[in-house]
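**Q** Mind looking at a prediction? Sequence and model below.
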Amino acid sequence: MSTLKANTIVASDGTSPVTLTKQSVAKAWVNFDGTASGATARDSFSISSMTDSSTGNHSVNFSNNFSNANYASVAALGNNDASNPGGQGTVTVGHTTSGLSSTETTNSANGNNNDWAQMSHTSHGDLA
């Protein structure tokens with residue numbers, strides 16, 4: 001088996017960066033329990049920290065900044081036990097280059113902010 005170690009990969013002209021054709025992979029993602037005390041990831045990639053600001057409101061900080069705040073994020077939420085309210089939820093996300101500044105989750109049945117047992121975010125875009 002061979003190992004390739006490199007600090008920089010450039011195109012064949014020797015000056016421009018290599019253009020990757022598979023750039024659609026997630027640049028950051030996290031899975032966490034929004035009902036737990038605090039905001040601790042079950043598992044994550046390129047996430048430096050999280051904050052539990054209030055009921056139904058979390059922020060996520062990236063390890064590597066995006067080049068601008070116009071990246072795409074997908075959020076999912078759900079319950080895995082009977083203690084959480086039922087119904088559907090909605091997610092509102094605020095973008096900054098360094099993270100998701102505010103992830104507000106509500107219960108669609110009553111409109112109140114709600115913590116969900118199954119929370120996940122995935123972000124796609126260009127890194128700085």
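**A** Perfect, I can see it now. Here the structure is a predicted model, which means the values were calculated and not measured.
**Q** How far off centre is the helix or strand of the chain with the lowest mean pLDDT?
**A** Within the chain, no helix or strand scores below strand 89-96, which has a mean of 86 by mean pLDDT, DSSP states H and E. The gap between the average C-alpha position of strand 89-96 and the chain average comes to 11 Å, counting by Cα atoms, centre = their mean, to the nearest Å.
**Q** buried residues in it?
**A** Within strand 89-96, the residues that count as buried by 16 or more other Cβ atoms under 10 Å are 89, 91, 93, 95. In short, each C-beta sits where N, CA and C put it, glycine included.
**Q** who does that strand pair up with?
**A** Listed by DSSP bridges, the sheet partners of strand 89-96 and their directions read strand 99-107 (antiparallel).
**Q** Render the CA-only coordinates of the partner strand in PDB, please.
**A** Output of strand 99-107 as PDB, limited to C-alpha atoms (Å, rounded to 0.1, in the frame of the first residue of the first chain):
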ATOM      1  CA  GLY A  99     -21.500  28.900  11.600                       C
ATOM      2  CA  LEU A 100     -25.300  28.600  12.000                       C
ATOM      3  CA  SER A 101     -25.900  31.600  14.200                       C
ATOM      4  CA  SER A 102     -29.400  30.600  15.200                       C
ATOM      5  CA  THR A 103     -31.300  27.400  14.600                       C
ATOM      6  CA  GLU A 104     -34.800  27.900  15.900                       C
ATOM      7  CA  THR A 105     -37.100  24.900  16.000                       C
ATOM      8  CA  THR A 106     -40.800  25.000  16.700                       C
ATOM      9  CA  ASN A 107     -43.600  22.600  17.000                       C
END
